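Visitor: Curious how this folds, go ahead:
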Amino acid sequence: MMQTAIDKLRELRALHEDGLLSRQEFDSRKNAILDAAYAPADDEERPVVAAPAVRAGTELGLMAGQEVGPFERRYRLERLLAHGGMGQVWQATDLATQAELGHSAQVALKILPPQLTQQTAHARLLIEEAARARRLAHEHIVRVYDWAQDPATSSYFIIMECLEGEDLDGLLAREGRLGMARALQLLRPVAAALDHAWERHQLVHRDIKPANVFLTRAGDVKLLDFGIAVRARGGAGGPALEAPATSGTAGYRAPEAGRAQVEPAFARALDVHAVAVMLYQMLSGRLPFGPDRGGEAAPARPADLNDAQWQALQAGFALDPADRPASVGALLDRIESAGASGGTAAPVHDAQPAETEGAAAQAGAQRQPAEDGARRRVEAEARAAALAAAERQRLQQRQQQIQQEKLARLAAEESRRVRKEELRRQLAERRALEAEKARQEREEAQRKLAQAKAAAAYLAQQQRARAEQAACNQAELEVLIPTPASPVADGEGILRDSFLDGEGQGPELVLLPTGRFQMGSPEHERKIAMAAGSQKAWLARELPQHWVGIEKPVAMGRHPVTVGEWRVFARVTGWTQCGDVNWEAPGFAQTDAHPVVGVNWYDVQDYLRWLSEATGRRYRLPSEAEWEYACRAGTKTAFSFGDTISTGQANYDGNFTYNGGVRGDYRRGTTPAGMFPPNPWGLYDMHGNVWEWVQDVVHDNYDGAPLDGSAWEDGGDQARRILRGGSWLYNPRYLRSALRNGFSSALSNDIVGFRVVRELM
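Guide: Coordinates of the predicted model:
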């Protein structure tokens, strides 16, 4: 069946290349051919169809130029890339001003039909799969950014990296069979991606096939569709895998995938089986087995394999998972080593010897009348000549095969040599990075010492100012009666308001001095940000740069509000969450010392009202001007630490750098309060960790903004509020003191938190 499908795909591609078939029609017919070739058996699950001629989930009523997504996150559909039973894949332009950062405006949308997510449980599975795939960051796995829902069609969709090129199915349909060296070259990145998914997240793919291996125009190999990827689990009595055992594609799916459970020890064997089947298909042009392997004869050995290689490949799709190699990488290593060590090629059966034919012809000639003798001798000579030509052709083919095996061995040796050189280069780079990191740590220690001295001087100045103010107040007041709500300052000058009932205290606070500063970014900073990848539209939000006076003294939270502080509020008030992100289990490890996430702007307002009532003081969110004033702490550079930043100073995606900085750690979640050094005014995590809500509504720029430090709440987009500071998921250019972001007030996220301000007057 598969050979017939390949022939059909070749004919289909020829029509497309001759201009007789549009790209959209080519993709549509290609999917139909593949669906028919890999149709499940009668006892397997089949998609529900509305009519024989219409496949479920492919008619969503979408067209180029249409905008999809919720109000605050819009995408314009540009062209249809593919469609099938699981929906449609479109190339789209990201139109939302507050879109997820760190990717270009062009994205791919995988739009699922409504009938697949009508049930709440199915929709929840989609959200969990998107969140899981977003953390599978690897150079050979297609990047997943987020998910959303289009209210007009009730369709959920996943936002992914947009790729240009073709899948391995298309390559095989165009070229037929591939040589061993090229097949291994294409499968090595697949092995690296699967090893990464297993070693970092204990995930197996479960649906490896040529349609899920994508070859970009730049020559990169990307593994697609981790949508049914599952996590291996242990434990007595519990399920071995988290997904249905029937997931996968017929023809590639391992025999044990149909069982109710798969042992965790053999979870990776599912992907090993699929890659072994795919390698056989790449070498021979057909699948080794049908949808059901029961009772099938052993497949024929591909001509490119010697005895040892064939045994290694057969081990890859062995019936017993215990007989397969431990990983896809181990399978490819075994086949490559077998090719380098040599072996015996497949035997070729000799033609019938010419002597036997000649003897039979002579015997027959003797039995025939004499007048037929001459004619039969001519026929015997012709047959002998044909057999001799066949023998010569066989010898030539054998010589060609030997030459190809020699070339394959040479290619394997060259590949090993290149890998060794690459390892040496990587080792040298790692040593250089370690030396640079050591240098930066020394410089960081010196900066911390200078900051500590500056902080000590600032605290001394604040203590003198408070003493002078207290003396003035004493002269004016006849009686000063302390109350439980009076602020308590410790030896470091940190304020905390006690609760009126005496059962606790509010967040730690740092006094901010009054003064003036220039809000926004100067021209030279914007040029550096553009060189780091910032877009002009984002930088325009930071203009015009203008002077702002902070006239009223306030105290600001020393850290973002923590999980432990939020837990007290939730317990006392009975607050319940309505968003998608669980503040107690956001998807990464956290303690009571980590900043709380998963709360929207309105939840924060409830917390501030409760805290004000509990302490008898007025708490609120900082204005945007107060936040930037506190973040800069008297500095005029991109960050309060200078014009560059490292992952030793803040929590962000250390795979990216800014203004000559070096790569660092990517922690994939929040870090506890106080892990990094504070800014010159003693405030922690003003850069990175979590985006922080402020009071102001979103405006496109600073035209008409208040100049006295108050919140700008009139006009603008009343449905959205400003976010400041960047987060653990973003690259360093979004951590600048001047950068502005916006987000829907009603939505929560695993990258957004807040800190408080307490009024002193």
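Visitor: Check the average confidence over the longest strand along the chain, would you?
Guide: Among the segments of the chain that qualify as a strand by DSSP state E, the longest is strand 75-84. In this model, strand 75-84 carries a mean pLDDT of 84.
Visitor: ok, residue 216 - how many residues close by?
Guide: For residue 216, the neighbour count with other C-beta atoms under 10 Å is 13. C-beta here means a position set from N, CA and C on the backbone, and glycine is covered the same way.
Visitor: So for the closest residue to it other than its chain neighbours, what's the pLDDT?
Guide: The spatial neighbour of residue 216 that comes closest, neighbours along the chain excluded (C-beta to C-beta, 6 or more residues apart in numbering), is residue 165 at 4.1 Å. With respect to pLDDT, residue 165 scores 90.
Visitor: Check the gap between residue 165 and residue 293 for me.
Guide: Using C-beta to C-beta, to the nearest Å, one gets 32 Å for the distance from residue 165 to residue 293.
Visitor: rewinding a little: give me the helices and strands touching the longest strand of the chain, please.
Guide: helix 23-37, strand 67-68, strand 87-94, strand 106-111 (3 or more C-beta pairs under 8 Å, 6 or more residues apart in numbering; DSSP states H and E).
Visitor: again, only using 7 Å
Guide: helix 23-37, strand 67-68, strand 87-94 (3 or more C-beta pairs under 7 Å, 6 or more residues apart in numbering; DSSP states H and E).
Visitor: Okay, angle between it and strand 87-94 too, please.
Guide: Per axes from the mean of the first three to the mean of the last three C-alpha atoms, to 10 degrees, the angle that strand 75-84 makes with strand 87-94 is 160 degrees.
Visitor: strand partners of strand 75-84, parallel vs antiparallel please.
Guide: strand 67-68 (antiparallel), strand 87-94 (antiparallel) (DSSP bridges).
Visitor: Pretty sure residue 129 sits in a strand.
Guide: No: counting by DSSP: H, G, I helix; E, B strand; the rest coil, residue 129 is not part of a strand but helix.
Visitor: burial measure for it, as a count.
Guide: 18.
Visitor: For the helices and strands packed on strand 75-84, which has the smallest mean pLDDT value?
Guide: The bottom spot among the helices and strands packed on strand 75-84, by mean pLDDT, belongs to helix 23-37, with a mean of 66.
Visitor: which stretches of the stretch 351-500 of the chain have low pLDDT?
Guide: 351-377, 380, 450-451, 454-492 (pLDDT under 70).
Visitor: Strands of that one, start to end?
Guide: Secondary structure of the stretch 351-500 of the chain (DSSP state E, counting those that start in this stretch): strands at 487-489, 495-497.
Visitor: Equivalent analysis for the stretch 101-250 of the chain, please.
Guide: 106-111, 144-150, 155-161, 165-167, 203-204, 213-216, 221-223, 230-231.
Visitor: What's the local residue count around residue 438?
Guide: Counted with other C-beta under 10 Å, the neighbours of residue 438 add up to 10.
Visitor: low-confidence ranges in the stretch 201-350 of the chain?
Guide: 227-247, 258-263, 265, 292, 294-296, 341-350.
Visitor: can you give me the helices in it?
Guide: Here the stretch 201-350 of the chain has its helices, by DSSP state H, counting those that start in this stretch, at 269-284, 307-316, 328-341.
Visitor: list the contacts for residue 142?
Guide: 160, 161, 163, 214, 222, 223, 224 (C-beta atoms under 7 Å, 6 or more residues apart in numbering).
Visitor: And for residue 212?
Guide: Contacts of residue 212 by C-beta under 7 Å, 6+ apart are 223, 224, 225.
Visitor: so what's the second one closest to, chain neighbours aside?
Guide: This points to residue 224. Excluding its sequence neighbours, the residue lying closest to residue 224 (C-beta to C-beta, 6+ apart) is residue 212, at 4.5 Å.
Visitor: what does the last one give?
Guide: Nearest-residue entry for residue 225: residue 212, 4.8 Å, with adjacent residues in sequence omitted and distances by C-beta to C-beta, 6+ apart.
Visitor: and if you look at the first one?
Guide: Residue nearest to residue 223 in three dimensions, not counting chain neighbours: residue 193, with 4.3 Å by C-beta to C-beta, 6+ apart.
Visitor: mind checking pLDDT for the one you found?
Guide: At residue 193, the pLDDT value in this model is 90.
Visitor: Give me the distance between it and residue 80.
Guide: Distance from residue 193 to residue 80, counting by C-beta to C-beta: 26 Å.
Visitor: Which one's more surrounded, these two?
Guide: Neighbours per residue (other C-beta under 10 Å) separate residue 193 from residue 80, with residue 193 holding more: 23 against 17.
Visitor: And the helices in the stretch 401-550 of the chain?
Guide: Going by DSSP H, counting those that start in this stretch, the stretch 401-550 of the chain shows helices at 523-531, 536-539.
Visitor: Tell me which of these sits most buried.
Guide: Ranked by mean neighbour count, those are led by helix 523-531 with a mean of 16 (mean count of other C-beta atoms under 10 Å).
Visitor: Who are the packing partners of that helix?
Guide: Judged by 3+ C-beta pairs under 7 Å, 6+ apart, helix 523-531 is in contact with helix 536-539.
Visitor: Domains in the chain, by residue range?
Guide: Segmentation of the chain into domains, based on automatic domain parsing, reads 38-44+55-162, 166-293+301-341, 492-759.
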